[in-house]
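Q: dropping a prediction and its sequence here:
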Amino acid sequence: MQQNQHADRKEQLQQDGPVMIRGERIILRPMEEQDTENIIKWRNSPRVRSCFIYREDFTPEGHRRWTDTMIRKGLALQFILCEKEGGRPVGSVYLRDIDREKKEAEYGIFIGEEEAVGRGWGSEAARLAVDYAFEQMGMERVFLRVFTDNIPAVKSYERAGFVRDGILKDVECSDGEKKDMLLMSVSREKEKLVSFVIPCYRSEQTLSGVVAEIKTAMGLLQKEGKKYDYEIILVNDCSPDDTFFVIRGLCREDERIKGINLAKNFGQHAALMAGFQFVKGDITVCLDDDGQTPADEVGKLLAAIEEGLDVVYAKYQHKRHSLFRNFGTYMNEEMARVMLGKPKELYVSSYFAARRFVIEDMKRYTNAYPYVIGLVLRAAGRVGNVSVAHREREVGASGYTFGKLLGLWFNGFTAFSVKPLRIATAIGCTCSAAGFLYGIYTVIKKWVNPHVPLGFSSLMAATVFMGGMTMMLLGLVGEYVGRMYISMNNSPQYVIREMINEEINEDIHKKQIS
């Protein structure tokens with residue numbers, strides 16, 4: 001549909017020629033035959049001539065040749081730059097070497113009237129011409145060449161959105177002078193795909209509302225001129241209620257929604273990893289299925305990503321979780337800070353957005369104990385927060401029990417940190433040193449006072465203490481060894497029972513069983 005509209009615009013453009021373009025302070029109107037005298041006058045002025053490679057006298061014959069070989073053949077468009085008030089012509093703007101297959105063209109401008117120089121009209125003219133090339137001609141890229149010593153022109157182009165691509169060294173002009181030229185370009189902003197990944201568990205009553213809120217939020221962003229499309233991936237973590245029945249209905253209504261049904265309950269982080277395998281977006285947003293994470297504020301996360309962050313977490317000013325869940329979150333934060341090196345000022349939550357390269361790196365982790373926070377911290381350097389509201393839970397209770405939280409903490413510090421082993425080493429060294437010192441103390445005490453009785457209770461206390469420490473540290477080491485064994489035994493992160501609006505390719509099938 002969009003390609004047909006571009007084709008219609010191109011055909012109309014070739015038949016009717018360019019249209020008048022109105023800006024805030026200037027107008028770009030199509031060049032006419034009576035503009036020849038002005039163009040020749042402007043083009044031959046010393047200031048304008050010094051900005052071109054071709055510096056010979058510009059003649060009516062040369063202008064006629066340009067018109068016949070370039071403009072009438074559709075290889076170039078030329079406009080006259082006029083003051084908006086009064087319509088006085090002051091210069092010319094053109095798009096040349098128009099390549100409709102590559103969808104690119106070269107931009108050029110010369111302002112002939114001296115009093116029009118330095119008023120910002122060049123930047124506005126460039127923006128208007130580029131918008132025209134993108135919206136009316138269907139171009140994807142507009143480029144230009146400018147001498148490196150023409151600093152005002154370079155700054156003008158940068159204000160219009162052009163970026164520096166490279167330098168052409170020692171370009172020879174027609175008068176023999178050699179100068180460096182700067183290559184600059186601006187590309188059409190392409191529509192970015194945002195992938196929403198939502199792990200689902202006991203959310204049959206809330207999931208439809210979350211999906212509807214995402215659709216509304218993305219629609220508002222599109223109305224604001226933000227070029228975003230989206231897809232939604234719903235991962236049912238073997239919920240005992242009718243959550244997957246709801247997912248099936250949502251997928252039937254909208255092909256942009258994909259449903260994944262896991263064969264058993266693998267946990268929230270494993271469900272996220274399953275969803276990551278199917279994302280196609282430039283940006284991935286993860287949020288909860290219970291409506292407590294405000295999908296209508298996703299624009300804040302996307303804006304932070306556009307500003308340069310690799311990952312951005314939503315930060316709640318006032319959390320609406322239960323006291324138990326808040327305690328679990330606090331312990332998770334502290335564990336991530338101490339064990340994983342999370343910056344103290346960084347707040348992590350289940351509502352976050354990440355660039356595609358971060359997700360691609362996370363997908364490389366195929367072991368049975370995924371911990372998303374650890375995967376993010378090891379892949380991304382630019383991580384930040386944006387403040388959002390946190391809502392009360394309307395239906396049901398949190399699916400996290402104390403056992404699940406404990407398992408999550410173990411995943412974090414055993415899968416991504418060796419600090420517990422180093423702490424165990426330190427404790428062992430401390431206990432050994434304490435025992436050695438206590439032995440010396442006992443010998444000295446007995447030597448000083450031979451009648452001091454040897455204490456059975458102190459001996460038993462020391463034995464029980466050392467035995468307990470030994471068993472605890474052996475258990476910690478065993479936890480590491482056991483997880484290594486399970487990982488080597490190819491225990492899966494997740495197993496997909498069924499998918500809707502998506503097919504499981506062979507690579508993803510291998511990841512389930514590797």
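A: Happy to help now that I have it. Numbers count the residues shown, from 1 in each chain.

Q: ends of stretch 291-305, how far apart?
A: Start to finish, the residues bounding stretch 291-305 are 23 Å apart (Cα to Cα, to the nearest Å).

Q: just the residues contacting it, thanks.
A: Residues from elsewhere that reach stretch 291-305 (Cβ atoms under 8 Å, 6 or more residues apart in numbering): 194, 206, 209-210, 213-214, 216-218, 220-221, 226, 228, 283, 285, 287, 312, 314, 320-321, 349-355, 384, 386-394. To be clear about C-beta, it is placed using only N, CA and C from the backbone, and glycine gets the same treatment.

Q: need the buried ones from those residues selected in PyMOL.
A: This is the PyMOL syntax for the buried subset of those, where burial follows 16 or more other Cβ atoms under 10 Å:
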select buried, resi 194+206+209+210+213+214+217+218+221+226+228+283+285+287+312+314+321+349+350+351+352+353+354+355+384+386+388+390+393
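
Q: from the contacts of stretch 291-305, which ones fall inside helices?
A: Under the assignment DSSP state H, the contacts of stretch 291-305 contribute G209, V210, E213, I214, T216, A217, M218, L220, L221 to helices.

Q: just give me the closest of these to L144.
A: Among the ones in helices among the contacts of stretch 291-305, L221 lies closest to L144 (Cβ to Cβ), at 31.4 Å.

Q: for the closest one, give its distance to P370.
A: 30 Å (Cβ to Cβ, to the nearest Å).

Q: which of the contacts of stretch 291-305 fall within strands?
A: Those of those mapping onto strands are 194, 228, 283, 285, 312, 314, 352-355, 384, 386-388, per DSSP state E.

Q: make CSV from those and add distance to S187 and pLDDT to it.
A: Listed next are the ones in strands among the contacts of stretch 291-305 as CSV, based on distance: Cβ to Cβ, whole Å; pLDDT from 0 to 100:
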residue, distance to S187, pLDDT
V194, 20, 96
Y228, 17, 92
I283, 18, 95
V285, 25, 97
V312, 25, 96
A314, 31, 93
F352, 28, 96
A353, 23, 96
A354, 24, 95
R355, 19, 94
G384, 27, 92
V386, 27, 95
S387, 33, 93
V388, 32, 92
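
Q: of these, closest to I167?
A: I167 has its nearest neighbour among the ones in strands among the contacts of stretch 291-305 in R355, at 29.7 Å by Cβ to Cβ.

Q: where does the stretch 201-350 of the chain have low pLDDT?
A: Counting by pLDDT under 70, the stretch 201-350 of the chain contains low-confidence residues at 318-342.

Q: mind running it again at 90?
A: Applying pLDDT under 90 to the stretch 201-350 of the chain flags the ranges 222-227, 266-268, 290-292, 306-308, 316-350.

Q: and the gap between K227 and L193?
A: 10 Å.

Q: out of these two, which sits in the more crowded spot?
A: Neighbour tally, K227 and L193, criterion other Cβ atoms under 10 Å: the higher count belongs to L193, 17 against 11.

Q: wait, the more buried one sits on V285?
A: No - using Cβ atoms under 8 Å, L193 is not in contact with V285; the gap is 11.2 Å.

Q: what touches both of these two?
A: Counting by Cβ under 8 Å, 6+ apart, no residue touches both L193 and V285.

Q: which stretches of the stretch 351-500 of the chain have low pLDDT?
A: 364-382, 389-493.

Q: again, 80 this time
A: Within the stretch 351-500 of the chain, the ranges that satisfy pLDDT under 80 run 368-369, 381, 391-491.

Q: quick check: closest non-adjacent residue to E32.
A: Leaving out its chain neighbours, the residue that sits closest to E32 by Cβ to Cβ, 6 or more residues apart in numbering is I80, at 7.7 Å.

Q: tell me the SS of F357?
A: What DSSP: H, G, I helix; E, B strand; the rest coil gives for F357 is helix.

Q: same deal with V186?
A: Three-state call for V186 (three-state DSSP): strand.

Q: next: R202.
A: Each residue gets one of three states, and R202 gets coil by three-state DSSP.
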